[in-house]
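>>> Next input, structure requested:
(2 chains)
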Amino acid sequence: EPEVTQTPSHQVTQMGQEVILRCVPISNHLYFYWYRQILGQKVEFLVSFYNNEISEKSEIFDDQFSVERPDGSNFTLKIRSTKLEDSAMYFCARRQGSSGNTIYFGEGSWLTVV
Amino acid sequence: GDSVTQMEGPVTLSEEAFLTINCTYTATGYPSLFWYVQYPGEGLQLLLKATKADDKGSNKGFEATYRKETTSFHLEKGSVQVSDSAVYFCALSGSYSGAGSYQLTFGKGTKLSVIP
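Model (predicted):
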């Protein structure tokens, strides 16, 4: 099955610090997403990214979050000033394009804010 | 807006028992429906999907049928194994709206534990 590689697999950071989570899609797909899952809760949509632009974002995705794909390959999620409630598993995902709407997820990056 | 409701867990079954995890949805248009599975310590994996009414998705012995009349997509397996212990998420992907991106709306997840 097609894969998405995420780094780091786990990061512990102090409150107020900046965090960058990275995603390297192996296949050349067009649509990218970030989702998060707070421990024990449902998976929540954060943002979708297409053609180097944000195409949709949720209420969760406020000004402390940003995404970019600077080198045309890695897709990053930046959290500028982390809060305790940002502790969660963050999933990168991708979709091939207009020919299919199946979204494939990476294995996630655990973020713990202390 | 779109929403997905799953049966509350956790569910504990003995090996070889029959499994049903209920899932109902609310959506406009004609969504696609998915089941994802999350094994302990791992990420989300697509288990099966159905893209239109009456479609049946199947994989690894699991099945789910897209029932538009009852807005349901219940997950079933005839004989569960210990290795099926995981959290199962029902999800839907809304119709493309031009500004939309087929983002997924998830249910809360149902934890399944299968005991020998």
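
>>> Give me the number of neighbouring residues for residue B:90.
29 (other CB atoms under 10 Å in any protein chain shown). Yep, even glycine has a C-beta here, placed from its N, CA and C like the rest.

>>> quick check: mean pLDDT across the longest strand seen in chain A?
The residue-count maximum for a strand in chain A (DSSP state E) belongs to strand A:88-97. Across strand A:88-97, pLDDT averages out at 87.

>>> which parts of it are buried?
A:88-96 (16 or more other CB atoms under 10 Å in any protein chain shown).

>>> Which is the succeeding secondary structure element to that strand?
Next along the chain after strand A:88-97, taking DSSP states H and E as the criterion, comes strand A:100-105.

>>> which helices and strands sit right next to that following strand?
strand A:88-97, strand B:32-38, strand B:44-50 (3 or more CB pairs under 8 Å, 6 or more residues apart in numbering or on different chains; DSSP states H and E).

>>> give me that answer again for 6 Å
Counting contacts by 3 or more CB pairs under 6 Å, 6 or more residues apart in numbering or on different chains; DSSP states H and E, strand A:100-105 packs against strand A:88-97.

>>> Please list the outside residues in contact with the strand it packs on.
A:4, A:6, A:21, A:23, A:25, A:29-33, A:35-38, A:103-106, A:108-110 (CB atoms under 6 Å, 6 or more residues apart in numbering or on different chains).

>>> One more: stretch B:23-35?
Stretch B:23-35 is contacted by residues A:101, B:2-6, B:47-51, B:64, B:66, B:71-75, B:90-95 when judged by CB under 6 Å, 6+ apart.

>>> just to revisit the earlier point, buried subset of the contacts of strand A:88-97, written for ChimeraX?
To isolate in ChimeraX the members of these that are buried, counting by 16+ other CB under 10 Å, one can use:
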select /A:4,6,21,23,25,29,31,32,33,35,36,37,103,104,105,106,108,109,110
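
>>> any idea of the angle the longest strand of chain A forms with strand B:32-38?
140 degrees (axes from the mean of the first three to the mean of the last three CA atoms, to 10 degrees).

>>> Run the chain-centre distance for strand A:88-97.
Relative to its chain's centre, strand A:88-97 lies at 6 Å (CA atoms, centre = their mean, to the nearest Å).

>>> Give me the angle between that strand and strand B:44-50.
Angle, strand A:88-97 to strand B:44-50, by the same axes, to 10 degrees: 40 degrees.

>>> so what strands line up beside strand A:88-97?
Strand A:88-97 pairs in its sheet with strand A:31-37 (antiparallel), strand A:100-105 (antiparallel), strand A:109-113 (antiparallel), by DSSP bridges.

>>> Show me what the following helix or strand past the longest one is packed against.
Secondary structure here is assigned by DSSP H and E; on that basis, the next helix or strand after strand A:31-37 toward the C-terminus is strand A:43-50. Contacts of strand A:43-50 with other secondary structure elements, assessed using 3+ CB pairs under 6 Å, 6+ apart, are made with strand A:31-37, strand A:53-57.

>>> who's in contact with strand A:43-50?
A:31-37, A:54-58, A:60-61, A:67, B:101, B:103, B:106.

>>> what's the burial count for residue 83?
Since you didn't name a chain, this refers to chain A. Neighbours of residue A:83 (other CB under 10 Å): 11.

>>> Wait, chain B was what I had in mind.
10.
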